[in-house]
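S.K.: here are the coordinates; sequence isn't available:
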């Protein structure tokens, strides 16, 4: 009986680790023909991820224009629009399909937008924005270099 309990415990632990690996670390991915990793998503999930990326890009454009116009309030508003609270709008089922490195880049990007807003608010001007934005954009470049979003078969 004692051996059976240990055996069941080991099987349960192995199954749990396998599920954690698939749904937290690896996600729903396959190697892509262009050398990147393809993340396989349902059409609605793909639309949501791509819409979020377009929102990032629009915010970067708005922030850049606001820096030219020295409009700190517009920088803050545009950065907060894509900050960390937007992470909570992503369904758990989608998060499970994303590989851990993609999630880290995404969460860090949201956090960097929040930090950009906070720093601009505290300084009261746009002098810090471009160096921070340049660092933030490295996440975008790294993500697009490593991943593409494909539809599930």
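M.R.: Received, thanks. Computed from a prediction, not measured in an experiment: that's the story for all the values here. Numbering: from 1, shown residues only.

S.K.: okay, now residue 134: neighbour count?
M.R.: 9 (other C-beta atoms under 10 Å). (Each C-beta comes from the backbone N, C-alpha and C, glycine too.)

S.K.: quick check, pLDDT for the most centrally placed residue in the chain.
M.R.: Nearest residue to the geometric centre of the chain (C-alpha atoms, centre = their mean): residue 106, 1.6 Å. Note on residue 106: pLDDT of 94.

S.K.: element containing it?
M.R.: helix 100-123 (DSSP states H and E).

S.K.: got the buried residues for that helix?
M.R.: Within helix 100-123, the residues that qualify as buried are 102-103, 105-106, 109-110, 112-117, 119-120, counting by 16 or more other C-beta atoms under 10 Å.

S.K.: quickly note the distance from the residue nearest to the centre of the chain to residue 148.
M.R.: Counting by C-beta to C-beta, to the nearest Å, the gap from residue 106 to residue 148 is 15 Å.

S.K.: also residue 96?
M.R.: Taken as C-beta to C-beta, the span from residue 96 to residue 148 is 19 Å.

S.K.: one more: residue 129?
M.R.: 30 Å.

S.K.: between the two, which one's more packed in?
M.R.: Just comparing residue 129 and residue 148: by other C-beta under 10 Å the higher neighbour count belongs to residue 129, 24 against 15.
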